[in-house]
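1. coords please:
(chains A and B)
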Amino acid sequence: KAGVTQTPRYLIKTRGQQVTLSCSPISGHRSVSWYQQTPGQGLQFLFEYFSETQRNKGNFPGRFSGRQFSNSRSEMNVSTLELGDSALYLCASSLVGDPRDTQYFGPGTRLTVL
Amino acid sequence: AQRVTQPEKLLSVFKGAPVELKCNYSYSGSPELFWYVQYSRQRLQLLLRHISRESIKGFTADLNKGETSFHLKKPFAQEEDSAMYYCALSGSSNTGKLIFGQGTTLQVKP
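-> Modelled structure (predicted):
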(Lines give C-alpha, C1' and ligand atoms only; values in the text may rest on other atoms or scores of the structure.)
Protein backbone atom coordinates (compact mmCIF):
# COMPACT_ATOMS: atom_id res chain seq x y z
CA LYS A 1 0.00 0.00 0.00
CA ALA A 2 1.18 3.50 -0.68
CA GLY A 3 1.97 5.49 2.44
CA VAL A 4 0.56 8.77 3.61
CA THR A 5 1.46 11.59 1.25
CA GLN A 6 1.59 15.29 1.94
CA THR A 7 1.85 18.20 -0.47
CA PRO A 8 3.63 20.45 -0.79
CA ARG A 9 6.75 19.33 1.03
CA TYR A 10 8.07 22.86 1.52
CA LEU A 11 6.38 26.25 1.66
CA ILE A 12 7.62 29.76 2.25
CA LYS A 13 5.05 32.42 3.08
CA THR A 14 5.04 35.90 4.56
CA ARG A 15 3.20 37.12 7.63
CA GLY A 16 -0.46 37.75 7.07
CA GLN A 17 -0.82 35.33 4.20
CA GLN A 18 -2.79 32.12 4.36
CA VAL A 19 -1.74 28.60 3.44
CA THR A 20 -3.39 25.28 2.61
CA LEU A 21 -1.70 21.94 3.16
CA SER A 22 -2.91 18.65 1.76
CA CYS A 23 -2.80 15.09 3.06
CA SER A 24 -3.73 11.85 1.31
CA PRO A 25 -4.22 8.96 3.74
CA ILE A 26 -3.45 5.31 3.21
CA SER A 27 -6.15 3.66 1.14
CA GLY A 28 -8.93 2.42 3.41
CA HIS A 29 -8.04 4.71 6.29
CA ARG A 30 -10.86 7.01 7.27
CA SER A 31 -9.27 9.00 10.09
CA VAL A 32 -6.77 11.79 9.48
CA SER A 33 -4.99 13.61 12.28
CA TRP A 34 -2.80 16.70 12.01
CA TYR A 35 0.15 17.66 14.20
CA GLN A 36 2.48 20.61 14.46
CA GLN A 37 6.12 19.90 15.24
CA THR A 38 8.46 22.63 16.48
CA PRO A 39 11.81 22.46 18.32
CA GLY A 40 10.35 24.24 21.34
CA GLN A 41 6.94 22.61 21.72
CA GLY A 42 7.57 19.23 20.12
CA LEU A 43 4.68 17.36 18.52
CA GLN A 44 1.30 18.90 19.25
CA PHE A 45 -2.09 17.66 18.10
CA LEU A 46 -4.09 20.04 15.94
CA PHE A 47 -7.26 18.16 15.00
CA GLU A 48 -8.69 14.89 13.75
CA TYR A 49 -11.20 14.22 11.01
CA PHE A 50 -13.33 11.16 10.38
CA SER A 51 -16.05 10.82 7.77
CA GLU A 52 -15.72 14.50 6.85
CA THR A 53 -16.35 15.59 10.46
CA GLN A 54 -13.94 17.10 12.94
CA ARG A 55 -14.12 14.85 15.98
CA ASN A 56 -11.30 16.16 18.09
CA LYS A 57 -9.43 19.42 18.36
CA GLY A 58 -6.25 20.52 20.06
CA ASN A 59 -5.49 23.80 21.73
CA PHE A 60 -4.78 26.00 18.73
CA PRO A 61 -6.35 29.31 17.69
CA GLY A 62 -9.19 29.47 15.20
CA ARG A 63 -6.74 30.52 12.48
CA PHE A 64 -6.01 26.81 12.16
CA SER A 65 -8.77 24.92 10.43
CA GLY A 66 -9.21 21.83 8.36
CA ARG A 67 -11.58 19.72 6.40
CA GLN A 68 -11.92 16.23 5.04
CA PHE A 69 -13.35 15.11 1.76
CA SER A 70 -15.48 12.09 0.95
CA ASN A 71 -12.40 10.19 -0.25
CA SER A 72 -10.80 10.80 3.19
CA ARG A 73 -8.22 13.24 1.83
CA SER A 74 -7.75 16.15 4.18
CA GLU A 75 -6.59 19.72 4.02
CA MET A 76 -5.57 22.09 6.75
CA ASN A 77 -5.59 25.85 6.41
CA VAL A 78 -3.78 28.47 8.40
CA SER A 79 -4.96 32.03 7.93
CA THR A 80 -3.20 35.28 8.84
CA LEU A 81 0.15 33.57 9.23
CA GLU A 82 2.41 34.53 12.10
CA LEU A 83 6.14 33.97 12.46
CA GLY A 84 5.43 31.42 15.17
CA ASP A 85 3.52 29.24 12.71
CA SER A 86 6.82 28.17 11.16
CA ALA A 87 6.92 24.45 11.78
CA LEU A 88 6.77 20.99 10.31
CA TYR A 89 3.14 19.97 9.84
CA LEU A 90 2.52 16.25 9.95
CA CYS A 91 -0.56 14.36 9.07
CA ALA A 92 -1.26 10.81 10.10
CA SER A 93 -3.91 8.36 9.03
CA SER A 94 -5.46 5.41 10.81
CA LEU A 95 -8.30 3.02 10.14
CA VAL A 96 -10.96 4.70 12.25
CA GLY A 97 -9.10 6.84 14.77
CA ASP A 98 -9.65 4.40 17.61
CA PRO A 99 -7.16 5.03 20.44
CA ARG A 100 -5.74 1.55 19.82
CA ASP A 101 -5.19 2.20 16.11
CA THR A 102 -1.69 2.72 14.81
CA GLN A 103 -1.26 6.11 13.22
CA TYR A 104 0.82 6.21 10.04
CA PHE A 105 2.61 9.45 9.43
CA GLY A 106 3.38 11.35 6.28
CA PRO A 107 6.72 13.02 5.57
CA GLY A 108 5.42 16.43 6.61
CA THR A 109 5.16 19.89 5.09
CA ARG A 110 7.85 22.33 6.20
CA LEU A 111 6.27 25.78 6.50
CA THR A 112 8.48 28.82 6.86
CA VAL A 113 6.86 32.17 7.61
CA LEU A 114 8.98 35.25 6.90
CA ALA B 1 -3.83 16.57 33.03
CA GLN B 2 -2.79 14.31 30.18
CA ARG B 3 0.94 14.38 29.79
CA VAL B 4 3.90 12.30 28.62
CA THR B 5 7.34 12.95 30.05
CA GLN B 6 10.61 11.77 28.61
CA PRO B 7 13.23 13.06 31.03
CA GLU B 8 16.27 12.58 28.81
CA LYS B 9 16.80 14.68 25.70
CA LEU B 10 19.88 12.70 24.75
CA LEU B 11 21.03 9.22 25.65
CA SER B 12 24.46 8.17 24.46
CA VAL B 13 25.67 4.58 24.79
CA PHE B 14 28.28 2.34 23.25
CA LYS B 15 27.40 -0.46 20.86
CA GLY B 16 26.50 -3.61 22.77
CA ALA B 17 25.49 -1.74 25.92
CA PRO B 18 21.95 -1.99 27.34
CA VAL B 19 19.54 0.82 26.60
CA GLU B 20 16.60 2.14 28.59
CA LEU B 21 14.62 5.11 27.34
CA LYS B 22 12.36 6.43 30.07
CA CYS B 23 8.74 7.42 29.65
CA ASN B 24 6.30 8.47 32.35
CA TYR B 25 2.72 9.47 31.76
CA SER B 26 -0.19 11.14 33.44
CA TYR B 27 -3.68 10.09 32.37
CA SER B 28 -6.93 9.60 34.25
CA GLY B 29 -8.21 6.41 32.70
CA SER B 30 -6.81 3.47 30.78
CA PRO B 31 -4.23 4.75 28.32
CA GLU B 32 -2.89 3.21 25.20
CA LEU B 33 0.89 3.65 25.05
CA PHE B 34 3.12 3.69 22.01
CA TRP B 35 6.74 4.17 21.08
CA TYR B 36 7.40 5.91 17.77
CA VAL B 37 10.83 6.23 16.17
CA GLN B 38 12.24 8.62 13.61
CA TYR B 39 15.45 7.59 11.87
CA SER B 40 17.51 10.21 10.09
CA ARG B 41 15.68 11.57 7.02
CA GLN B 42 12.77 9.17 7.50
CA ARG B 43 9.22 9.71 8.61
CA LEU B 44 7.91 9.03 12.07
CA GLN B 45 6.92 5.37 12.40
CA LEU B 46 5.52 3.07 15.04
CA LEU B 47 8.07 0.98 16.89
CA LEU B 48 5.78 -0.83 19.27
CA ARG B 49 2.62 -0.50 21.35
CA HIS B 50 1.81 -1.95 24.71
CA ILE B 51 -1.31 -3.85 23.68
CA SER B 52 0.71 -5.96 21.25
CA ARG B 53 3.21 -7.03 23.90
CA GLU B 54 5.72 -7.76 21.15
CA SER B 55 9.42 -7.23 20.65
CA ILE B 56 10.43 -5.18 17.63
CA LYS B 57 14.09 -4.93 16.55
CA GLY B 58 14.98 -6.28 19.98
CA PHE B 59 13.12 -3.53 21.83
CA THR B 60 10.52 -4.21 24.50
CA ALA B 61 8.40 -1.98 26.69
CA ASP B 62 6.26 -2.88 29.67
CA LEU B 63 3.39 -0.78 30.88
CA ASN B 64 3.66 -0.26 34.63
CA LYS B 65 0.38 1.27 35.75
CA GLY B 66 1.53 1.58 39.35
CA GLU B 67 4.50 3.74 38.38
CA THR B 68 2.71 5.18 35.31
CA SER B 69 5.70 4.30 33.18
CA PHE B 70 6.34 2.74 29.80
CA HIS B 71 10.10 2.51 29.51
CA LEU B 72 11.69 1.22 26.30
CA LYS B 73 14.48 -1.31 26.69
CA LYS B 74 16.97 -3.17 24.58
CA PRO B 75 19.65 -5.43 26.01
CA PHE B 76 22.34 -4.76 23.38
CA ALA B 77 22.31 -1.51 21.42
CA GLN B 78 23.27 -1.45 17.76
CA GLU B 79 24.54 1.53 15.77
CA GLU B 80 21.45 1.38 13.57
CA ASP B 81 19.32 2.08 16.64
CA SER B 82 20.53 5.69 16.62
CA ALA B 83 17.38 7.76 16.14
CA MET B 84 14.84 9.98 17.84
CA TYR B 85 12.37 8.09 20.03
CA TYR B 86 8.98 9.41 21.06
CA CYS B 87 6.69 7.97 23.68
CA ALA B 88 3.02 8.67 22.97
CA LEU B 89 -0.29 8.19 24.71
CA SER B 90 -3.85 7.84 23.57
CA GLY B 91 -7.06 7.11 25.43
CA SER B 92 -10.79 6.66 25.24
CA SER B 93 -11.48 10.39 25.14
CA ASN B 94 -8.88 11.01 22.50
CA THR B 95 -10.09 9.75 19.15
CA GLY B 96 -7.33 10.21 16.63
CA LYS B 97 -5.17 12.09 19.12
CA LEU B 98 -1.72 11.13 20.29
CA ILE B 99 -0.04 13.01 23.11
CA PHE B 100 3.70 12.91 22.60
CA GLY B 101 6.63 13.29 24.91
CA GLN B 102 9.43 15.65 23.94
CA GLY B 103 11.48 12.81 22.51
CA THR B 104 14.85 11.28 23.35
CA THR B 105 17.72 11.14 20.89
CA LEU B 106 19.53 7.83 21.17
CA GLN B 107 23.11 7.91 20.01
CA VAL B 108 24.89 4.56 19.77
CA LYS B 109 28.63 4.95 19.47
CA PRO B 110 30.82 2.31 17.79
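
2. low pLDDT regions in chain B?
-> Within chain B, no stretch has pLDDT under 70.

3. Kindly recompute the last result at 80.
-> By pLDDT under 80, the weakly predicted segments of chain B are B:1, B:51-55, B:92-94.

4. Alongside chain A, which residues does it contribute?
-> Contacts of chain B with chain A, taken as CB under 8 Å from any CB of the partner chain, map to B:32, B:34, B:36, B:43-46, B:49, B:51, B:86, B:90-92, B:94-103. No exception for glycine: its C-beta is placed from N, CA and C like everyone else's.

5. List, one by one, the residues from chain A near chain B.
-> Residues of chain A found near chain B (CB under 8 Å from any CB) are A:3, A:31-33, A:35, A:42-45, A:48-50, A:55-56, A:58, A:90, A:92, A:94, A:97-100, A:102-108.

6. Now with 6 Å, please.
-> A:31, A:33, A:42-43, A:45, A:48, A:55-56, A:97, A:99-100, A:102, A:105, A:107 (CB under 6 Å from any CB of the partner chain).

7. Can you flag the buried ones in those residues?
-> A:31, A:33, A:42-43, A:45, A:48, A:56, A:97, A:99, A:105, A:107 (16 or more other CB atoms under 10 Å in any protein chain shown).

8. and the two most separated of these?
-> Farthest-apart pair in these is A:99 and A:107; separation 24.4 Å (CB to CB).

9. Run through the strands of chain B in chain order.
-> Assigned by DSSP state E, chain B shows strands spanning B:3-5, B:10-14, B:19-21, B:24-26, B:32-38, B:45-49, B:60-61, B:72-74, B:83-90, B:99-100, B:104-109.

10. partners of the second one in the sheet?
-> Yep, that's strand B:10-14 we're talking about. If you go by DSSP bridges, strand B:10-14 pairs up with strand B:104-109 (parallel).

11. which residue does chain A bring closest to chain B?
-> residue A:48 (3.0 Å; CB to the nearest CB).

12. For that residue, list each beta-bridge partner.
-> For residue A:48, the beta-bridge partners under DSSP bridges are residue A:33, residue A:56.

13. who touches the closest residue to chain A within chain B in this structure?
-> Nearest residue of chain B to chain A (CB to the nearest CB) works out as residue B:96 at 3.0 Å. Residues in contact with residue B:96 (CB atoms under 6 Å, 6 or more residues apart in numbering or on different chains) are A:31, A:33, A:48, A:56, A:97.

14. If we use 7 Å, what do you get?
-> Shown in contact with residue B:96 (CB atoms under 7 Å, 6 or more residues apart in numbering or on different chains): A:31, A:33, A:48, A:50, A:55-56, A:94, A:97.

15. cool, and residue A:8?
-> Applying CB under 7 Å, 6+ apart, the residues near residue A:8 are residue A:109.

16. Verify the stated contact: the residue of chain A closest to chain B with residue B:97.
-> Yes: Residue A:48 sits in contact with residue B:97 when judged by CB atoms under 7 Å, with a separation of 6.0 Å.

17. can you list residues touching both of those two?
-> A:33, A:56.

18. If you drop the residues flanking it in sequence, what lies closest to residue 49?
-> Picking chain A for this. Leaving aside its chain neighbours, residue A:49 sits nearest to residue A:68 (3.7 Å; criterion: CB to CB, 6 or more residues apart in numbering or on different chains).

19. my bad, chain B
-> residue B:34 (4.6 Å).
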